[in-house]
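>>> following is a predicted model, sequence given first.
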Amino acid sequence: MKTLSARSVLLFLMASSLLHAALSVKPPSATICPGETITFSTGNKTTTWSISPTPSSGISLDANTGKLQVDSEVEAQQAFIVTGSASGDSGEAALVVTKDGCSDNEARAVIGFEQAGASATQAEQKFFFDFLIDRELKWKSVSLWGNVRVSSYPQQISTPLAQFDIASAVGQLPVNKLAETASFLTGFDIHLKRLTFPVGAGTRRLGFIGSFGATGPFTPEGRVALFAVPNSSSQQYSPFTAQFPQAKGSTYVGFVPPDRNQFYRQWSTGVRVTTMYREHLGFTSPSATYTATIGQDEAVTAGRLHGAVLKFDVFYPMPVKFTAYRFLYLFGTAALQVKRAHNETPFVLQPAPSDVHGYDSSVAIISSPSNRDTYRIGVGLDAVGVICTIWASKCS
């Protein structure tokens, strides 16, 4: 009841601010925790600031700068109106000071749609499920985090973008096509107090991370790419058979991932910038993250822990006003090998007829591990919201 009461007060104060404000105050509403600061602004340098009702000790507002500071010892939950006045006009912002939800612990579950591919290869579209958990340890500046990601089999979806509904599309996905690969990462995030800064209605911190994880390999049989071997009179025949001598004497060739008996291992270390939002549009938002690391990844370097791999990963919750959702989650990941690039003349091969299969005697099978930079971009929705949309009668 305590959290509900604070939210009700906040919504009432927001409505009151919108009805009476002539000067636009940013942010128009905020939830702040003990030990944090926030700065209100109007765009007018001569703004004078005040707060009502008069706060108890431990909460102070600078009348000239709009900077409000809450001491870490503040215990009671309180609601205020912050007023900015300039040139005869005034504007108001709603403020709630509370300890509820102030822990840096976080968990998010996202279901979405992504495009993934490697350098100079055809991209694939897939559905994915992504779960992240981040928990503070005994030391407040250290947290343990873990991330699990499951991707479906490649999908061929030609629905116009304006008609594409992730929840409906996931609901129509066959169960045996739901999961093709999975990956996990876990590690530590060390974020010192002096590297944490207020930003708008949230807090931004710089952390140093280290991680270890693995990616499950593809099933080779489901990844056979079949082509006709170039004719012996073709200019491609000699260089093709020189690079793939297994193809000599065969009519067709099939390229498959290696039949690997272990997951592709990876490790990395680097920095992560995390922006934590207390409330946005009246709803708690997951943190936005930007991560840059360097390490090694067997899935990128042909199945071996060889050389260095740079990785960049971005997650951003975009506020929206959909009927069933409040945030649209945007993802982006890139893995780049730290080495000199090679430019080669590609082989332009004719696809094999549809009645040719990998087990035919006319097909030479060639194992081809990936040794290319990779990327992944995607869009997602809250997993609970998607599930409730699919099984509406089972959610209350």
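Thanks, I have it. Numbers count the residues shown, from 1 in each chain.

>>> C-alpha from now on. contacts and neighbour counts both.
Noted.

>>> and the pLDDT at residue 6?
Model confidence at residue 6, given as pLDDT, is 52.

>>> residues in contact with the residue positioned nearest the centre of the chain?
Centrality entry for the chain: nearest residue to the mean C-alpha point is residue 315, 3.2 Å, by C-alpha atoms, centre = their mean. Counting by C-alpha atoms under 8 Å, 6 or more residues apart in numbering, residue 315 makes contact with 288-290, 329-332.

>>> check residue 390 too.
By C-alpha under 8 Å, 6+ apart, the contact list for residue 390 reads 167-168, 171.

>>> pLDDT score for residue 282?
pLDDT, residue 282: 46.

>>> am I right that residue 249 sits in a strand?
No: counting by DSSP: H, G, I helix; E, B strand; the rest coil, residue 249 falls outside a strand, being coil.

>>> what's across from residue 181 in the sheet?
residue 151 (DSSP bridges).

>>> cool, residue 189 as well?
Here residue 189 sits in beta bridges with residue 143, residue 209, going by DSSP bridges.

>>> what's it in contact with, if anything?
142-145, 207-210.

>>> from residue 110, how far out is it?
Separation of residue 189 from residue 110 (C-alpha to C-alpha, to the nearest Å) stands at 21 Å.

>>> partner strands of the helix or strand containing residue 333, with direction?
Assigning secondary structure by DSSP states H and E places residue 333 in strand 327-337. If you go by DSSP bridges, strand 327-337 pairs up with strand 309-319 (antiparallel), strand 374-382 (antiparallel).

>>> determine which stretch of the ones you listed is the most buried.
Comparing the strands paired with strand 327-337 by mean neighbour count (mean count of other C-alpha atoms under 10 Å), strand 374-382 comes out on top with a mean of 20.

>>> give me the contact list for that strand.
Residues outside strand 374-382 that contact it (C-alpha under 8 Å, 6+ apart): 108-119, 166, 300, 325, 327-336.

>>> repeat for stretch 213-226
Contacts for stretch 213-226 (C-alpha under 8 Å, 6+ apart): 180-186, 252-260, 262-267, 299, 351-352, 356-358.

>>> which ones among these map onto helices?
Assignment to helices by DSSP state H places none of those there.

>>> which positions within the helix or strand following the strand holding residue 333 qualify as buried?
Sequence-wise, the next helix or strand downstream of strand 327-337 (DSSP H and E) is strand 363-367. Going by neighbour count (16 or more other C-alpha atoms under 10 Å), the buried part of strand 363-367 is 363-366.

>>> so how far is strand 363-367 from its chain's centroid?
Centroid separation for strand 363-367 versus its chain: 37 Å, with C-alpha atoms, centre = their mean, to the nearest Å.
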